[in-house]
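K.L.:
the sequence and its predicted three-dimensional model are supplied below.
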Number of protein chains: 2
Amino acid sequence: MFTGEYRYKIDVKKRLAMPAKFRGELGVRVIITKGITKCLVVYTKKSWQDMLKKLGGLPITEPEARGFARVILAGAMEVSFDKLGRILIPDYLKKYAGLEKEVVICGLNKELEVWDAKRWNSYITKQDENMNKSEKAK
Amino acid sequence: MFTGEYRYKIDVKKRLAMPAKFRGELGVRVIITKGITKCLVVYTKKSWQDMLKKLGGLPITEPEARGFARVILAGAMEVSFDKLGRILIPDYLKKYAGLEKEVVICGLNKELEVWDAKRWNSYITKQDENMNKSEKAK
DNA sequence: CACACTTATCCACTATTATCCACTACATAT
DNA sequence: ATATGTAGTGGATAATAGTGGATAAGTGTG
């Protein structure tokens, strides 16, 4: 299970280290694709299979569902680790998620998300506030 | 069952001791995550599992549910004790709860909460007053 | 076919983290 | 009252992980 927030840097060659403690669970190859909210999602092979099944259940004749599937599938790339546990971020994905140098990797149970640090900071502080607010309202 | 209020110091290396009498009940690893009211919550593995079950049924594609999952899951970190019963507080959690050096750990039945001492003091005195006020109203 | 350019593999440095150990204070017991 | 044990705090050293660069291999183009 993946949890937690980790900060890394993408270097000039677009390499990005995965948290060391996740290496074992991630396996030798992972699938990276576009995520909701302008971030990237990293799947293990298994969780990618599960994801595909869910996509399979969508009404593919609906333009909206079909568009969604196109984004996810055409966006997906299978990548492998180098000896030091880094993966290569394809250009179009880096661009999609607006990744600069500073990046946040966060664990979301079965998958990981990759965010540009600035974007993540402003997103998560807003979410934090929401949580505190809604709790007060109870 | 955890109860009581305990005062500890976080050292420069972000280590925090857990009350000695709780060590056995806490096990070898605990989950620490964001709590409401800008504090941290420490779960045993079991109470964390229970917590996750409650989250389990969320529709993860909905922005709101996804945001909530991001706060809870990305906020959570599984940590283990060193030989002297201390855990490591990740930077982002320390920041979230505004932890300085002086810290209060308080028992809340199935879980523990970690507060910055100053914040706790002002919070608890206000709560004390509230209780006394409502008592007068009776 | 040679050259430039991109991509992959390998290696080195540095910073961070984990582990181990020491000191002090308090409490209990002899 | 002194000794003994336990817990909290702090620091030193060793190991690991993150980052950046260099070299080698592959690819495409003129």
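P.N.:
Arrived safely, thanks for sending.
K.L.:
helix, strand or coil: sort out A:Val41 for me.
P.N.:
Three-state call for A:Val41 (DSSP: H, G, I helix; E, B strand; the rest coil): strand.
K.L.:
that one contacts A:Trp48, doesn't it?
P.N.:
No. Between A:Val41 and A:Trp48 there is no contact under Cβ atoms under 8 Å: 9.5 Å. (Glycine included, C-beta is placed from N, CA and C.)
K.L.:
more crowded one of those two?
P.N.:
Taking neighbours as other Cβ atoms under 10 Å in any protein chain shown, A:Val41 and A:Trp48 compare with A:Val41 leading, 24 against 21.
K.L.:
beta partners of that one?
P.N.:
According to DSSP bridges, the residues that bridge with A:Val41 are A:Thr33, A:Glu113.
K.L.:
can you tell me how far it is from chain B?
P.N.:
Computed with Cβ to the nearest Cβ, to the nearest Å, the distance linking A:Val41 and chain B is 11 Å.
K.L.:
who touches that residue in this structure?
P.N.:
Contacts for A:Val41 were tallied using Cβ atoms under 8 Å, 6 or more residues apart in numbering or on different chains; they are A:Ile32, A:Thr33, A:Lys34, A:Gly35, A:Glu111, A:Leu112, A:Glu113, A:Val114.
K.L.:
for the residues you listed, give me CSV that also has neighbour count.
P.N.:
Shown next, in CSV, are those (neighbours: other Cβ atoms under 10 Å in any protein chain shown):
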residue, neighbour count
A:Ile32, 23
A:Thr33, 20
A:Lys34, 18
A:Gly35, 23
A:Glu111, 19
A:Leu112, 28
A:Glu113, 24
A:Val114, 25
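K.L.:
okay, the residues you listed in CSV with pLDDT next?
P.N.:
Formatted as CSV, those follow (pLDDT from 0 to 100):
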residue, pLDDT
A:Ile32, 97
A:Thr33, 96
A:Lys34, 96
A:Gly35, 94
A:Glu111, 94
A:Leu112, 96
A:Glu113, 97
A:Val114, 97
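K.L.:
is chain B contacted by stretch A:5-17?
P.N.:
Yes. Using Cβ under 8 Å from any Cβ of the partner chain, stretch A:5-17 reaches chain B at A:Glu5.
K.L.:
off-centre distance for that stretch?
P.N.:
Put simply, stretch A:5-17 sits 13 Å off its chain's centre (Cα atoms, centre = their mean, to the nearest Å).
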